[in-house]
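Novice: With the input below, show me the fold.
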Amino acid sequence: MRNLKRALSLALAAIMLIGMMVVSASAVSYNDLTDKDQIVNKDAVSMLVSLGIIEGKPDGSYAPTENVDRAQMAKMLSVIMNKGVDNGALYENSPSGLTDITSNWAKGHINYCYTTGIIAGRGNGKFDPSATVTALEAAKMLLVAVGYDPAIEGLTGTDWEINTNALASKLGIFRNFKGSVAEPLSRDDAALLIYNALDVEMIQSYTNNGYAMAYSDARTILADKYGVIKVQGVVVANEWAELDKTDSDSALKDGKTVLDNVVLYSSTTSNTTKDEGVAQSGKIAFNVDTPVDFLGKTVTMYIEKTTILSDSKVLGVSTKDDVNVINATAATQSTVKDYLKGTGVAVTKGTEFYVNYGYCKTEEDAHNLINDYSYAANNSDKFNLNGVDVEIIDNNNDGDAEYVLFTRETLSEVRTYSEKNETISFYAPGYDKNNELANKTVTETEDFEDVVFNDEVTTDDLILYVQYGGRTYISAPELSLIHI
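Specialist: Down below sits the predicted model:
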């Protein structure tokens, strides 16, 4: 508990806190992309690069904001349907009848997509390879690649946009897409749509009344073309912190994530259906980075499975939004129970409470830990009044909260900032021999290597800090003076 209390607040008087997606030899992995920090859909781009579907531009960048044209889309779809292999040369001389692609770099890919019906032409023998692609046009191409018949599904004709939008939305192809479906699609968002479509069940056939029938083994493009399977579980530990009834200093090694309640979905290794998976016993560690805000939440991983599950290569990770019920608040209720009234989520005997990712046995212990910093006469038990963020997580949508995570930053002042010694010292609350808050402050010193600076600071600056996982996170507060 001592380490938990280090992260709690220090009151300071008179201040209020308020290419083309063409292969490049210089960019062979996601981490090689020179502009990866500008990519929004990082999981999508990372997995598609791992699968060889997309890579970088000749200069080693990804250019996430540039628009995708029809030739580029044809290349990506051709590679996907040929199991990650660039077979463009095989289709260079296919008799497609298209007259405007003779000298186009993606001629073979265009011929493949056109002759297989994945991408339609513009009419009169034209393909229009340089024209940009909208999100709706890309979604239609992906639906056809998955096996949907454009004529039966109404993806052609005057209402094709409405029908495409409805079907793609229903199947999750537009999941997390923030843009306009009618505007040109960026490379970043193209990766997202493809990423989502790869996990859509493939259509095997249609019934006589036009009903689409998926394969009995619920296969997806990922499983069928790449042998990639899906894993679902709850993130209970990563390199930032750990939710295992541990102290706030607990965290894993870099690049490690532990899942609990793991379920394996695989149309290539078992006869599972779309609603069934194979539960795995115990917690399983995977070699993958996940952000701190994934802790406590159910996620989906896409992996190239090996004999030992934990050794599998992880190609992508995303939160499973349809089961995570997350209530985040800084509201004025005194207890979590009060806040949750009307939300459909309740705390139970099994709910675990953490303050700055350090375990507390009860909600009362967590509240006491949050509130004991203040000696003011008007001290309140309302946790929000002390600047605390609260996240209540029901990670399987059963109405019971598995985790309540309190996060509290401490207001302090930098005593010394030494670039020479690579250390920073700041004031912190002092505690007595009984581990109770004393009416004093102490000086805490941290090495730069254990500090994450979100803003530039120096000696005598006011700071906000929070500590967990063996690190101290420091930022500059927004301040406004109180005029008396």
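Novice: Quick one: the strands in the stretch 351-484 of the chain, in order.
Specialist: 352-355, 358-360, 388-394, 403-408, 410-418, 423-431, 437-447, 451-453, 462-468, 471-475, 479-481 (DSSP state E, counting those that start in this stretch).
Novice: What strands flank the fourth one, and is each parallel or antiparallel?
Specialist: Meaning strand 403-408. Taking DSSP bridges as the criterion, strand 403-408 forms sheet pairs with strand 352-355 (parallel), strand 388-394 (antiparallel).
Novice: how many degrees apart are that strand and strand 462-468 in direction?
Specialist: With axes from the mean of the first three to the mean of the last three CA atoms, to 10 degrees applied, the angle from strand 403-408 to strand 462-468 works out at 150 degrees.
Novice: What mean pLDDT does strand 403-408 get?
Specialist: For strand 403-408, the mean per-residue pLDDT is 91.
Novice: before we move on, the earlier item: most tightly surrounded among the strands paired with strand 403-408?
Specialist: strand 352-355 (a mean of 23; mean count of other CB atoms under 10 Å). (C-beta placed from N, C-alpha, C; glycine too.)
Novice: Using CSV, list the CA coordinates for that one.
Specialist: Provided in CSV are the C-alpha atoms of strand 352-355 (Å, rounded to 0.1, in the frame of the first residue of the first chain):
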residue,chain,number,x,y,z
GLU,A,352,-11.8,-5.7,-8.0
PHE,A,353,-10.8,-2.1,-7.1
TYR,A,354,-7.5,-0.5,-8.1
VAL,A,355,-6.1,3.0,-7.4
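Novice: pretty sure residue 289 is touching residue 235, no?
Specialist: No: Residue 289 is beyond contact range of residue 235, at 11.3 Å (criterion: CB atoms under 8 Å).
Novice: Report the spatially closest residue to residue 203, excluding sequence-adjacent ones.
Specialist: Among residues not flanking residue 203 along the chain, residue 147 sits closest, at 3.2 Å (CB to CB, 6 or more residues apart in numbering).
Novice: Check residue 447 too.
Specialist: If the residues on either side of it in the chain are set aside, residue 447 comes closest to residue 423, at 5.7 Å by CB to CB, 6+ apart.
Novice: Which helix or strand lies directly C-terminal to the least confident helix or strand in the chain by mean pLDDT?
Specialist: Least confident helix or strand, the chain: strand 15-17 with a mean of 28, by mean pLDDT, DSSP states H and E. Per DSSP states H and E, the first helix or strand lying C-terminal to strand 15-17 is helix 42-50.
Novice: Remind me what that next one packs against, helices and strands.
Specialist: helix 187-197, strand 313-319 (3 or more CB pairs under 8 Å, 6 or more residues apart in numbering; DSSP states H and E).
Novice: Now do the shortest one against helix 42-50, angle only.
Specialist: Using the same axes, to 10 degrees, the direction of strand 313-319 lies 160 degrees away from that of helix 42-50.
Novice: Report all helices and strands that strand 313-319 contacts.
Specialist: Secondary-structure packing of strand 313-319 (3+ CB pairs under 8 Å, 6+ apart): helix 42-50, strand 284-287, strand 298-304.
Novice: same check, this time on the longest one
Specialist: Here helix 187-197 is seen to pack against helix 42-50, helix 70-81, helix 135-146 when contacts are counted using 3+ CB pairs under 8 Å, 6+ apart.
Novice: could you dump the last one to CSV, C-alpha only?
Specialist: I take that to be helix 135-146. Output of helix 135-146 as CSV, limited to C-alpha atoms (Å, rounded to 0.1, in the frame of the first residue of the first chain):
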residue,chain,number,x,y,z
ALA,A,135,-15.2,4.2,-48.6
LEU,A,136,-18.5,2.9,-50.1
GLU,A,137,-16.7,1.8,-53.3
ALA,A,138,-14.0,0.0,-51.2
ALA,A,139,-16.7,-1.6,-49.0
LYS,A,140,-18.5,-3.0,-52.1
MET,A,141,-15.2,-4.5,-53.4
LEU,A,142,-14.5,-6.1,-50.0
LEU,A,143,-18.1,-7.5,-49.8
VAL,A,144,-17.6,-9.1,-53.2
ALA,A,145,-14.2,-10.5,-52.2
VAL,A,146,-15.8,-12.1,-49.1
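Novice: What is the subsequent helix or strand relative to that helix?
Specialist: Past helix 135-146, the next helix or strand by DSSP H and E is helix 160-171.
Novice: Can you name the residues in contact with that following helix?
Specialist: 136, 139-140, 142-143, 146, 148, 150, 153-155, 174, 181-182, 197, 200 (CB atoms under 8 Å, 6 or more residues apart in numbering).
Novice: Surely residue 181 touches residue 139?
Specialist: Yes: counting by CB under 8 Å, residue 181 does reach residue 139; the two are 7.4 Å apart.
Novice: Compare neighbour counts for these two and give me the winner.
Specialist: residue 139 (27 against 19; other CB atoms under 10 Å).
Novice: Where among the helices and strands packed on helix 42-50 is average confidence lowest?
Specialist: Between these, the lowest average pLDDT goes to strand 313-319, which shows a mean of 84.
Novice: list the buried ones in that strand?
Specialist: The neighbour-count check on strand 313-319 (16 or more other CB atoms under 10 Å) flags 314-319 as buried.
Novice: now swap in stretch 128-146 and tell me
Specialist: Those would be 129, 132-146, for stretch 128-146 by 16+ other CB under 10 Å.
Novice: Give me the distance between the most centrally placed residue in the chain and residue 166.
Specialist: Nearest to the mean C-alpha position of the chain, by CA atoms, centre = their mean, lies residue 318 at 4.4 Å. To residue 166, residue 318 is 23 Å away according to CB to CB, to the nearest Å.
Novice: same thing with residue 178?
Specialist: Using CB to CB, residue 178 is found at 19 Å from residue 166.
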